[in-house]
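Asker: sequence? don't have it. structure:
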Ligand code: 5GP
Ligand code: ZN
């Protein structure tokens, strides 16, 4: 059995609530969210730290984070912003040694600092939360399709 919990999630050997997946990346809800909708984006291939990560794959992870942060502003989550955080190495408090980008939706007035948020985690409804993020991604795709149509002669 693979010792890496995130590799086991990719392989379907450990449970997770996935919100997005493609050939190279997987995004799923954090098991101990610091805010409802807190999502982790990982490469499907194991890379422990930035030192081990292909730069193009790193760019893809950030692109997916950008997209998820926009999706979280749409739909039921109705975020006003997001924290995108990557803890690289134990010195930076990385606790799972498979690189991951945290995408944490924020709302005006929620007022928690990220460090405090990591200490005071909240319970959540994973199925409903994942559904609202997926609805946000679909709304984003619709907006983009309309923008493309609008630019065509
Ligand atoms: P780090 O401190 O390494 O940047 O963050 C690791 C994150 O992974 C933490 O927020 C933690 O709650 C989350 N996590 C750890 N194990 C699991 C797991 O088995 N499943 C999920 N979904 N999240 C996990
Ligand atoms: Zn791994």
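Answerer: Yes, it's here. Small disclaimer: the values here were computed from a predicted structure and weren't measured. Ligands and ions are numbered 1, 2, ... in the order given.
Asker: thinking residue 69 is in contact with residue 84, fair?
Answerer: Yes: counting by CB atoms under 8 Å, residue 69 does reach residue 84; the two are 6.4 Å apart. Quick note: C-beta positions are derived from backbone N, CA and C, even for glycine.
Asker: Find the residues that touch each one of those two.
Answerer: Residues touching both residue 69 and residue 84 (CB atoms under 8 Å, 6 or more residues apart in numbering): residue 103.
Asker: out of these two, which sits in the busier spot?
Answerer: residue 69 (20 against 15; other CB atoms under 10 Å).
Asker: can you pull the contacts of the residue lying closest to the more buried one once chain neighbours are set aside?
Answerer: Take residue 69 and drop its neighbours on the chain: the residue closest to it by CB to CB, 6 or more residues apart in numbering is residue 82, 3.9 Å away. By CB under 8 Å, 6+ apart, the contact list for residue 82 reads 68, 69, 72, 103, 104, 105, 106.
Asker: I'd like to know which elements the strand or helix carrying the second one is packed against.
Answerer: Put plainly, it is residue 69. Element membership for residue 69 (DSSP states H and E) is helix 55-73. When contacts are defined as 3 or more CB pairs under 8 Å, 6 or more residues apart in numbering; DSSP states H and E, helix 55-73 packs onto strand 18-21, strand 25-29, strand 39-43, strand 81-85, strand 101-106, helix 126-151.
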